[in-house]
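Participant: my questions are about this predicted structure, shown below with the sequence.
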Amino acid sequence: MASPIEEARVKLSGIGTMQAIGVVAAIVGLGGFFFGVSSKAVEHPWQSYLYGFMVWTVLAFGCLSISLLIHMTRGKWGYTFIRVMEAGSKTVLLMAVLFIPILAFLKDIYPWANPDLVAASKTMQHRAALLNLQWFAIRSAVYFAVWIVLAFVLSKWSKDEDRTGDVNYLIKRTNLAAPGAVLLVLTVNFAVTDWVMSLEQHWYSTIFGLIFVAGGALMALALAATYLGMVWKREPFTSLLNPKNFHDIGNLLFTLVVFWAYLAFSQFLITWSGNLPEEIIYYANRKEGPWMPVGTGIILLHFFLPFLLLLSARLKRTPSMLLPVAIWIFLIRIAEVTWEVLPSFHRTGVQFSWVDAAAVIGIGGIWFAVFGQILRSTQLLPRYLQQPSEVAEHA
Amino acid sequence: MHTSKQEPTIFGVIAEYSDGEAVLAAAQAARDAGFKKMDAYTPYMVEGLVDALGNKDDRVPRIVFICGLIGAGLGFLMQYWITGVDYPMNIGGRPNLSWPSYIPITFESGVLVAAFSAVVGMFGLNGLPRPHHPVFDAPGFDRATRDKFFLCIEAEDEGFDARLAKEVLLATKPDSIQEVPNL
C-alpha cells in the first residue's frame, strides 16, 4: 500500500496547468521574439535574448543554491520542498542549451566582441585576453558543467537514498553539498561577471556576482514558499507542515531580502564614495530615463516592503498571508534583474522594448514547462522526511 | 465563587510533570477547561508551549519595532547634525546631506537601540528584577531548572476555582499537584 507521502507524486493537478501556461507563453513569447528579430524592432535583438536568459538562469542557479543549502544542513525545514528545488536546479541543463544562441550571436550582444569598439579602448584591449570567444565559451562550459554535475548527482543520491533507505547517502549528499556551495558561489560570481558585467565597456564591481547569488537564492526560495502556500491545504502536506515551518521559511526569505539589500547597497556606497568615472557610469546610466523610477521602486518594493511585511511573526506563520508576499518577491526579482541588465545595453531610444518582454516570457515559458515535466516524474516528498532522527528537534 | 475584591489566599494550583509533552498537553487541557491565566516553568524551551498557554502578548515586538525606528532616526539625525550642521565639510563637492554614507550607521544604531529595548522591555514587562515569586514556595520547584516541568493555574484568573483547577490538572496525570500559597 502506498503511503500518503508516495501518493503526493501524482495528486498535484496544478503541474499540468502550469505546463500548459508555460507552453503557451513559450510559443507566444518566442514567436514574438523571432518576429522582433526578423522585423528589426530593436537594434540588437539578441541582447533581449540575453536578458530573458539571465532572468531564468538566476532562478535556475538559485534553486541549486537552496537545494545545496538543504542537503548541507539536512534541515527538516527544507525537506517538504526539496524535490521542487532539485527539479528547479536540474533546469541548469536547459539553460546550458539555451546558452548556445548567445555564443552564436556574441557580436550582437557584447561590446568586447565588436573589433571596432575594442580598437578604440585601451581597457578593452587589455581585457581581450580574457574576453574573447574561445575563452568565454570554455569558461561558460565549465560553469554549466559544475552546475549540472551538482544538480544531477545530488538529485540522484537524494532519490537513491529514498529507494534503498541507505543512510550513507545522507553523508554523501552533505559531503558533496558543502564544497558544492563554495563552488556554486565562485562559478556564479564568474558567470555573472562574464555574462552581465562584461556588457559594460569599462565598469567593474567585485561584489556584482554576489548580488546575483543572493538574488537567485531569494527568487528560488520565493518559488518554494509559493509552492508550499499553494499545496499546504492538501494532504499529506497539511499534516506535514505546521506554522513553525512557514515561520522558518519566512525568516529565511527575510534574511535573503536583507542580504541582497546589504550587497546591493555595499556596491552602491563604495561606487558613490569613490565617484570614479569608470565606476560611477553604472549608476549615472541608471539615473537616466525610466531607470531612476524603476531603481527607486526596487529599493521600496524589493527591500522595504518585504522587509516590513516579513517582520511580522503572524504573517510568516500564516500560509495564506505568506503566499502573496512570496509571489510578490518572485515577481519583483524579475524587475531587479531587468534593472541590472537592460541599462547596460546603453540603448538610445526605447529602454524597454516588447522584444525584451517577449524574450522573458518565451524563455520563462520554456523554463516552467520543463520544470513541470521534471516535477511530474518526481516523487514530491522524499521518504526520509519521516525519518525520526533530527525531525522533531531540528524543525 | 468569590465576589469580594480581596486578595486571593492562594497564588494558584501547580502541577509537576516529567517531560515537555506532558506539560504541553496539560496547558492545552487547562485552556480547553476555560482557564486563561496560567504559566509554565520548564528547564528548557518547549516547542509550542507559548501558544498552548494562550499567550498573545506582543508588546515586546511592538516596543522593539518602535525603538528600532527611533534609534535609526536618531542615528541619521546625529550624522546629519555632525557633518551637515555643526561642522560641515566639503568632501569631493558632495552635498552636506550625503545620505548614502549615513545608511550603515543609521542601520547600526537602529539595531543597537532595538536590541537594548528588547532586553529592557522584556525585563520590565516581566516585572524583573524580582527577588521572590510565590511559586518558589511550591515544594520541589527548584527542579524546574533541572529536570521537572511545572504548570501553574493562577488564582487571578476570573473563573478561578481551586477545586476545578485541581480536577482538570489531575486528569492530565501529573507527578504531583499542590496549592501555591500567596506569600
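Facilitator: Received the coordinates, thanks.

Participant: hey, let's count contacts and neighbours off CA atoms from now on
Facilitator: Will do.

Participant: ok, residues contacting the helix or strand of chain B with the lowest mean pLDDT?
Facilitator: In chain B, the helix or strand scored least confidently by mean pLDDT, DSSP states H and E is helix B:162-170, which has a mean of 77. Where contact means C-alpha atoms under 8 Å, 6 or more residues apart in numbering or on different chains, the residues beyond helix B:162-170 that reach it are B:Gly12, B:Val13, B:Ala15, B:Ala26, B:Ala29, B:Ala30, B:Ala33, B:Ile153, B:Ala155, B:Ile177.

Participant: quick one: distance of it to the chain centre.
Facilitator: Relative to the mean C-alpha coordinate of its chain, helix B:162-170 is positioned 26 Å out (C-alpha atoms, centre = their mean, to the nearest Å).

Participant: kindly export that helix (C-alpha atoms) in CSV.
Facilitator: Extracted in CSV, the C-alpha atoms of helix B:162-170 (Å, rounded to 0.1, in the frame of the first residue of the first chain):
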residue,chain,number,x,y,z
ALA,B,162,-9.2,25.8,43.1
ARG,B,163,-11.3,22.6,43.1
LEU,B,164,-12.0,22.7,39.4
ALA,B,165,-8.3,23.6,38.6
LYS,B,166,-7.2,20.6,40.6
GLU,B,167,-9.7,18.3,38.8
VAL,B,168,-8.5,19.5,35.4
LEU,B,169,-4.8,19.1,36.3
LEU,B,170,-5.4,15.7,37.9
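
Participant: if we can go back for a sec, now, the contacts of helix B:162-170 that are in helices?
Facilitator: With DSSP state H as the criterion, helices contain B:Ala26, B:Ala29, B:Ala30 from among the contacts of helix B:162-170.

Participant: per-domain residue ranges of chain B.
Facilitator: Domain ranges of chain B: B:10-56+B:132-181, B:59-125, per automatic domain parsing.

Participant: regarding chain B, what is its longest helix?
Facilitator: For chain B, assigning by DSSP H, the longest helix comes out as helix B:99-125.

Participant: re earlier: now the buried members of the contacts of helix B:162-170.
Facilitator: For the contacts of helix B:162-170, burial is judged from neighbour counts taken by 16 or more other C-alpha atoms under 10 Å in any protein chain shown, and it is met by B:Gly12, B:Val13, B:Ala15, B:Ala26, B:Ala29, B:Ala30, B:Ile153, B:Ala155, B:Ile177.

Participant: pick the one among these closest to A:Thr193.
Facilitator: Proximity of these to A:Thr193, judged by C-alpha to C-alpha, is greatest for B:Ala26, which lies at 58.6 Å.

Participant: now do the contacts for that closest one.
Facilitator: If you count contacts by C-alpha under 8 Å, 6+ apart, then B:Ala26 has B:Leu151, B:Leu169, B:Thr172 around it.

Participant: got the CA positions of stretch A:320-327 in CSV?
Facilitator: This file holds the C-alpha atoms of stretch A:320-327, laid out as CSV (Å, rounded to 0.1, in the frame of the first residue of the first chain):
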residue,chain,number,x,y,z
SER,A,320,-2.4,32.4,3.2
MET,A,321,-0.6,35.6,4.2
LEU,A,322,2.9,34.4,3.3
LEU,A,323,1.8,33.3,-0.1
PRO,A,324,1.2,36.7,-1.7
VAL,A,325,4.4,38.0,-0.2
ALA,A,326,6.3,35.1,-1.8
ILE,A,327,4.6,35.7,-5.2
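
Participant: next, count neighbours for B:Leu97.
Facilitator: Using other C-alpha atoms under 10 Å in any protein chain shown, B:Leu97 has 15 other residues around it.

Participant: partner strands of the top strand by length along chain B, with direction?
Facilitator: Longest strand of chain B, by residue count under DSSP state E: strand B:10-17. Here strand B:10-17 is paired, per DSSP bridges, with strand B:149-154 (antiparallel), strand B:176-181 (antiparallel).

Participant: what separation do you get for B:Ala26 and B:Ser98?
Facilitator: With distances defined as C-alpha to C-alpha, to the nearest Å, the gap from B:Ala26 to B:Ser98 amounts to 58 Å.

Participant: whoops, I mixed them up, A:Val341
Facilitator: Using C-alpha to C-alpha, one obtains 27 Å as the distance from A:Val341 to B:Ser98.

Participant: of the two, who's got more company?
Facilitator: Each of A:Val341 and B:Ser98 had its neighbours counted (other C-alpha under 10 Å), and the higher figure belongs to A:Val341 (22 against 15).

Participant: checking my notes, that one in a strand, right?
Facilitator: No - applying DSSP: H, G, I helix; E, B strand; the rest coil, one finds A:Val341 to be helix, outside a strand.
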